[in-house]
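Undergrad: next one to model:
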Amino acid sequence: MSSLNQAHIVVGITGGIAAYKTIELIRLLTKAGAEVQVVLTDGAKAFVTEMTLQAISGKPVRSTLLDPQAELGMGHIELAKWADLVVIAPASADFIARHANGLANDLLSTLCLATTALLLLAPAMNQAMWQHPATQSNINLLQQREVNFVGPDAGAQACGDVGPGRMSEPDTIFQAIEDLLTPKTHHLEGQHWVITAGPTQEAIDPVRYISNHSSGKMGYAIAAAAAQHGATVTLISGPVALPVPAGVKRVSVKSAQEMLYACRVACANNADVFIGAAAVADFRMKEVANQKMKKQQDSNELQLTLVKNPDIIATLAQEGAAKCMVGFAAETQDVVGYAKDKLQRKGLDLIIANDVSQAGIGFNSDQNQVTIISASDQWTSEQASKSTIAQRIIEHIHQFQLTQSTKD
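TA: Just a heads-up that it's a prediction; the model follows:
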């Protein structure tokens, strides 16, 4: 039986083209046995109809704060008490700003202030709006208040821009809802986990750098899962457009050398688990130019002199930085073979291999499929959302810890 069976979920929809995706989310929730009450803002009515949402949810749609019939029994307060979870999908920049500032000028914003239920926001907006300092400040403020976020994703947007701001897909939001409403065991309580995520950026000059396509989603999902299970989590992150998971301390870095230093600081007291999920650049410039490098008009070539970056996880494993060292092997061929070689060569306890050449589970994807390998065993997951894969990774690492403790 699903953990969502008979759960009371309010689905709030704000104005945005992504609102059409929420119809599928509601279908997934009702199929899992949840009772769903839909609340629309005025802006949302331009994108989805009340009749459609009523047919999918099986309940009358609410949209007006001053509805005389509903407010005979203080309907908005009753709805706030009824909810186990309030999910806003899409959550517009305007709604995020209003909730961050405690405004209550429509039914949805009033409901969010009046409820003690869990709150999950699935942002959706133009990439420039998402990256604006005002929006990021509002996001950080809400995270401090323990508001949960899922997404946004990066990619092509309805306006023609490309970048972060796309609402997560319905199955990803559904998984985030299920994770929030599933009772968590706190078997990692008292442990310190250090996790790296995202790409590194190696400067060429003040305006250019060498990097890769890593979105950081897998590392962030693992950090979120570890925190949910009670671990103290330090997330050392390269530049990504992702919100900090609830209960996680993020340390932001750019280069591989900065990441290694931050890892050493975080592991100074011998961490319980270190997971190297970041896609660290193998090389950096031998010398970074102080000024922007200019094109040479008489040449069609540019030569850069590169030197090797430190191998972060191998260095930390050699230094005994954590009791359990877990690496990632993002490969495009002979995935398991290369991963096994890396496991042995770098002195790791576990390695998580995935094929980044496959469409739908490579860099920037919301789905993944991994093989978890130890010196004596291996296990391959089904393709699933990265949050689901993260939970499986946590389970395997914990099981490995239990096995090692019995040997000791």
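
Undergrad: do you know how far Ile96 is from Lys308?
TA: Per CB to CB, to the nearest Å, Ile96 is found 43 Å from Lys308. In short, each C-beta sits where N, CA and C put it, glycine included.

Undergrad: out of the two, which sits in the more crowded spot?
TA: A direct count of neighbours by other CB atoms under 10 Å for Ile96 and Lys308 places Ile96 higher, at 25 against 10.

Undergrad: what's near enough to touch the more buried one?
TA: Leu121, Pro123, Thr135, Asn138, Ile139, Leu142 (CB atoms under 8 Å, 6 or more residues apart in numbering).

Undergrad: burial of Gln279, as a residue count?
TA: One thing to correct before we go on: residue 279 is Ala, not Gln. Neighbour count for Ala279, taken as other CB under 10 Å: 24.

Undergrad: my read is that it contacts Ala330, right?
TA: Yes. At 6.4 Å, Ala279 and Ala330 qualify as touching, with contact defined as CB atoms under 8 Å.

Undergrad: what about the stretch 151-300 of the chain, any weak spots by pLDDT?
TA: 184-185 (pLDDT under 70).

Undergrad: returning to that earlier point: compare the contacts of Ile96 and tell me which has the most neighbours.
TA: Counting by other CB under 10 Å, Pro123 has the largest number of neighbours within the contacts of Ile96, with 30 neighbours.

Undergrad: right, and that residue touches Phe149 too?
TA: Yes. Proximity of Pro123 to Phe149 meets the contact threshold set by CB under 8 Å, at 6.8 Å.

Undergrad: who are the neighbours in contact with Lys81?
TA: By CB under 8 Å, 6+ apart, the residues touching Lys81 are Thr115.

Undergrad: distance of it relative to Ala114?
TA: Going from Lys81 to Ala114 by CB to CB gives 8 Å.

Undergrad: again, but for Gln297
TA: 66 Å.

Undergrad: Ile352: which element?
TA: Here Ile352 sits within strand 350-355, counting by DSSP states H and E.

Undergrad: now swap in Ile222 and tell me
TA: Judged by DSSP H and E, Ile222 forms part of helix 217-228.

Undergrad: using PDB, write out every CA atom in the strand of greatest length in the chain.
TA: As assigned by DSSP state E, the longest strand anywhere in the chain is strand 322-331. C-alpha atoms of strand 322-331 as PDB (Å, rounded to 0.1, in the frame of the first residue of the first chain):
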ATOM      1  CA  ALA A 322      36.200   9.100   6.300                       C
ATOM      2  CA  LYS A 323      35.300   5.600   7.600                       C
ATOM      3  CA  CYS A 324      33.500   4.800   4.400                       C
ATOM      4  CA  MET A 325      34.600   6.200   1.000                       C
ATOM      5  CA  VAL A 326      32.100   6.100  -1.800                       C
ATOM      6  CA  GLY A 327      33.000   7.200  -5.400                       C
ATOM      7  CA  PHE A 328      31.100   7.800  -8.600                       C
ATOM      8  CA  ALA A 329      32.000   6.500 -12.000                       C
ATOM      9  CA  ALA A 330      30.200   8.400 -14.800                       C
ATOM     10  CA  GLU A 331      31.200   6.500 -17.900                       C
END
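
Undergrad: name the residues of the very next helix or strand once past it that are buried.
TA: Sequence order places helix 335-345 as the next helix or strand after strand 322-331, per DSSP H and E. The neighbour-count criterion (16 or more other CB atoms under 10 Å) identifies Val335, Val336, Tyr338, Ala339, Lys340, Lys342, Leu343 as the buried residues of helix 335-345.

Undergrad: same thing with stretch 124-132?
TA: Neighbour counts using 16+ other CB under 10 Å place Ala124, Met125, Asn126, Gln127, Met129, Trp130 of stretch 124-132 among the buried residues.

Undergrad: with stretch 316-327 instead?
TA: Neighbour counts over stretch 316-327 (16+ other CB under 10 Å) mark Leu316, Ala317, Ala321, Ala322, Lys323, Cys324, Met325, Val326, Gly327 as buried.
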